[in-house]
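Participant: below: sequence and its predicted model.
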Amino acid sequence: MTDSTANSTQKSGGFSLGSLFRRPEVGAFAGMMLVFIFFSYFGFDRNFLTPFGTSSWVNAASTIGIIAIPIGFLMIAGELDISIGAVVPAAKMTMAIACGFYGLPFVAGLLITFAIAGLIGWINGMLVTRTKVPSLIVTLATLFAVSGGTLFLSLLLTDTTSQALQSPAFAKFIFGDYHIWGFQSSVFWWIGLAGLLYYVLHYSPWGNWLFALGGDQESARNAGIPTEKLKIGLFMLASMAAALSGVCETVLSNSATTTTNFALIFNTIIAVVVGGVLLTGGFGTVAGIFFGTATLAIVQQGIGYTPFDRNLSSLIIGVMLLIAVLMNDSFRSMATNWASKKKE
Amino acid sequence: MSANTPVIELRNVDKSFGPIDVLHEISLKVRAGEVLCLLGDNGAGKSTLIKTLAGVHAPTRGEILVDGKPTTFDGPRDAQDRGIATVHQFGGTYPLMSIGRNFFLGMEPTKGFGPFKVFDRKKANQIAVEEVQKMGITRITDGDRLVGGLSGGERQSLAIARAVYFGARVLILDEPTAALGVKQAAHVLRIVNEAKKRGLAVIFITHQVMHAMTVGDHFAVLIRGAIAADFRKGEKTREEITDLMAGGETMADLEASIDGFVESHDGHYPQAQAAE
């Protein structure tokens, strides 16, 4: 009978911890509220809370967030994609060259852009699943290959590294205009995509497969899950999300340049990690990534509304990232401690 | 199909990877309600044999019969659809996923219409907890708990309950007790018995002779990819089986050589452990 008592105490302890583990977005939400209150206090006099101030960080969050959620999916599945830093300018230039330089219809430009992005994602996925080379290295290679290819083709086709694009009114409205309160179209894409991917990860059966893929790929394959197809699909999703973000930016600014966006790579990874996704895979939530992205954008944009030096934003983000990773690590080690009863 | 037809049977199965032969002329059969223990030391080809049975590898030569009919598997999923379930050493469970999600992985119950089907969490949790409790694990009451919080034995039990629930007729257990303590192992053995009582054919892979003898009806010893001995319960003693697994060198000989060592080394035992 002592056994059952021990078990019941163990259970209640495990239960409260377990419910904490299951909700990494609670931590991400608390972090977001903390920085939001901080910047609201110090930025109140400088209009941080006005529609203009709000839309400035929400707009910045949306361009990162559209990409961060699929990157988060990849990280949950145990992979990484840094080639998005080159896919964004590649998509922008494709759009601008197809519609601005060659005068193709807008929809045709969209199709070409997403086809190319899908192809890059497919190549990433095929290379990772077939060669078993770590995805960091594979996508580092495609980052440079795509970036070089974009520059080369732009110069070859148009003789310039930047290209103007005039979009029809409907395209402006859907992809790149300022709407109510100064929110960009990309904000609505971000929220829509977050909603769709929230359903996919947490409510559809596919979400289960994704967690299993990151938890133990071999067992997932044995359970009959098409692990390779799933991974290739995730890489394609990440590339196409990057293309969407790029299209929104190009249509908004009416121009595109070939410059590789290295900062975006770090921003997406920071957003995902601050959002509570385990670096080792198998765990994470869409809501967490959403809050993580918002936190990052509040710090990056909000600093301009406070009396503090702008450069301090990177310092704050660095500290936040460290705290988030340490919290993630303790999550994982506590989970491992539980499992250590099986004596691996 | 008569009651005596083996649920699964291998006839002269060979498996090679390129020039390397891993399995030679493996023939074995398991009937419903029977436990076949596959014994073998590390590297004897147990894993390859399991993967062949589970549809991961296709045999190079020979045939697999399910219910007496020659069959080829198109992959692990096909084998599963025919009722062959494999439970691996760590149960194929995912520490950071809930019990309900683990239980239904790859077979998720859904509700809703059209493309927007929703994973039915409540139903999944309820069935998972019920099935695991039926297997005698009463400690599991909350399907939302993460599997990382369960003990090794409970994780094994979850995996076995899962296989049974999804209509497994052949249960392949890959070293289910290897990483467990005495009590946990006893738990898993009880569940093996429970599965047998329910009329499943069980293939139990282990190198722990004691565990095998507790539940086995039929034993096969695998050495270097070939079946070295095939016998029924009670035909051999524990020592004989251990000797067979060690590759013919008898335990008595090993003990004698250790004794010889001790005598010639001023009463010191050898540094490395010669055998279990």
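Facilitator: Now that the structure is in, tell me what you want to look at. This is a predicted model, so every value here is computed, not measured.
Participant: please count neighbours and contacts with C-alpha atoms only from this point.
Facilitator: Fine.
Participant: just the helices in the stretch 101-250 of chain B please.
Facilitator: B:121-134, B:152-165, B:182-197, B:209-215, B:238-245 (DSSP state H, counting those that start in this stretch).
Participant: and the third one, what's buried?
Facilitator: Under the neighbour-count criterion of 16 or more other CA atoms under 10 Å in any protein chain shown, helix B:182-197 has B:184-196 buried.
Participant: if we can go back for a sec, can the helices of the stretch 101-250 of chain B go into CSV with extra columns for distance to chain A and mean pLDDT?
Facilitator: Below are the helices of the stretch 101-250 of chain B laid out as CSV (distance: least, CA to the nearest CA, whole Å; pLDDT from 0 to 100):
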stretch, distance to chain A, mean pLDDT
helix B:121-134, 8, 85
helix B:152-165, 4, 83
helix B:182-197, 9, 84
helix B:209-215, 17, 84
helix B:238-245, 24, 76
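Participant: let me know which of those helices is tucked in deepest.
Facilitator: helix B:152-165 (a mean of 25; mean count of other CA atoms under 10 Å in any protein chain shown).
Participant: now that one and helix B:182-197, what's the angle there?
Facilitator: If you take axes from the mean of the first three to the mean of the last three CA atoms, to 10 degrees, helix B:152-165 sits at 10 degrees to helix B:182-197.
Participant: what packs against helix B:152-165?
Facilitator: strand B:84-87, helix B:99-103, helix B:121-134, helix B:182-197 (3 or more CA pairs under 8 Å, 6 or more residues apart in numbering or on different chains; DSSP states H and E).
Participant: between the third one and helix B:182-197, how many degrees?
Facilitator: Interaxial angle of helix B:121-134 relative to helix B:182-197 (the same axes, to 10 degrees): 100 degrees.
Participant: so how far is helix B:121-134 off the chain centroid?
Facilitator: Centroid separation for helix B:121-134 versus its chain: 23 Å, with CA atoms, centre = their mean, to the nearest Å.
Participant: residues in contact with it?
Facilitator: Contacts of helix B:121-134 with the rest of the structure, by CA atoms under 8 Å, 6 or more residues apart in numbering or on different chains, involve B:99-101, B:103-104, B:108-109, B:138-144, B:157-158, B:161-162, B:165.
Participant: try 10 Å this time
Facilitator: Contacts to helix B:121-134, defined as CA atoms under 10 Å, 6 or more residues apart in numbering or on different chains, come from residues A:202-203, B:98-104, B:108-111, B:136-145, B:154-155, B:157-162, B:164-165, B:191, B:194.
Participant: any chance of TSV for the helices and strands packed on helix B:152-165, columns distance to residue A:111?
Facilitator: As requested, the helices and strands packed on helix B:152-165 are arranged in TSV below (distance: least, CA to CA, whole Å):
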stretch	distance to residue A:111
strand B:84-87	44
helix B:99-103	37
helix B:121-134	38
helix B:182-197	55
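Participant: pick the one among the buried residues of helix B:182-197 closest to residue A:96.
Facilitator: residue B:188 (63.7 Å; CA to CA).
Participant: surely the closest one meets residue B:151?
Facilitator: No. Using CA atoms under 10 Å, residue B:188 is not in contact with residue B:151; the gap is 11.5 Å.
Participant: common neighbours of the two, please.
Facilitator: Residues touching both residue B:188 and residue B:151 (CA under 10 Å, 6+ apart) are B:157, B:180.
Participant: got the contact list for residue 202?
Facilitator: This is for chain A. Residue A:202 makes contact with A:208, A:211, A:285, A:286, B:118, B:119, B:121, according to CA under 10 Å, 6+ apart.
Participant: my question was about chain B, not that one.
Facilitator: Taking CA under 10 Å, 6+ apart as the test, what residue B:202 contacts is B:30-37, B:84-86, B:168-173, B:192-193, B:195-196, B:215-217.
Participant: now do residue A:308
Facilitator: Contacts of residue A:308 by CA under 10 Å, 6+ apart are A:42, A:43.
Participant: surely it is in a strand?
Facilitator: No. Read with DSSP: H, G, I helix; E, B strand; the rest coil, residue A:308 is coil and lies in no strand.
Participant: mind checking the backbone torsions on it?
Facilitator: Main-chain dihedrals, residue A:308, degrees, to the nearest 10: phi -80, psi 160.
Participant: against residue B:32, how distant is it?
Facilitator: For residue A:308, the distance to residue B:32 equals 75 Å [CA to CA, to the nearest Å].
Participant: same deal with residue A:149?
Facilitator: 62 Å.
Participant: same thing with residue B:193?
Facilitator: Counting by CA to CA - residue B:193 and residue B:32 are separated by 13 Å.
Participant: what do those two both touch?
Facilitator: Between them, residue B:193 and residue B:32 share the contacting residues B:199, B:200, B:202, judged by CA under 10 Å, 6+ apart.
Participant: which of these sits closest to chain A?
Facilitator: residue B:202 (18.1 Å; CA to the nearest CA).
Participant: which residues in the stretch 201-344 of chain A form helices?
Facilitator: Assigned by DSSP H, counting those that start in this stretch, the stretch 201-344 of chain A shows helices spanning A:205-215, A:217-222, A:227-253, A:262-274, A:286-302, A:312-339.
Participant: what about the fourth one, near chain B?
Facilitator: To tie it back to what came earlier, the one meant is helix A:262-274. No. Helix A:262-274 is not in contact with chain B by CA under 10 Å from any CA of the partner chain; minimum separation 16.6 Å.
Participant: equivalent analysis for the second one, please.
Facilitator: Yes. Where contact is defined by CA under 10 Å from any CA, part of helix A:217-222 touches chain B, namely A:217, A:218, A:219, A:220, A:221, A:222.
Participant: one step back: which one of residue A:149 and residue B:32 has more residues nearby?
Facilitator: residue B:32 (20 against 16; other CA atoms under 10 Å in any protein chain shown).
Participant: neighbours of the nearest residue in space to the more buried one that is not next to it in sequence, how many?
Facilitator: Nearest non-adjacent residue to residue B:32, counting by CA to CA, 6 or more residues apart in numbering or on different chains: residue B:201, 4.4 Å away. If you count neighbours by other CA under 10 Å, residue B:201 ends up with 26.
Participant: OK, contacts around residue B:201?
Facilitator: Contact partners of residue B:201, counting by CA under 10 Å, 6+ apart, are B:6-8, B:29-36, B:84, B:168-172, B:195.
Participant: residues in contact with residue B:56?
Facilitator: Residue B:56 touches A:221, A:222, B:48, B:49, B:50, B:73, B:74, B:75, B:76, B:77, B:78, B:79, counting by CA under 10 Å, 6+ apart.
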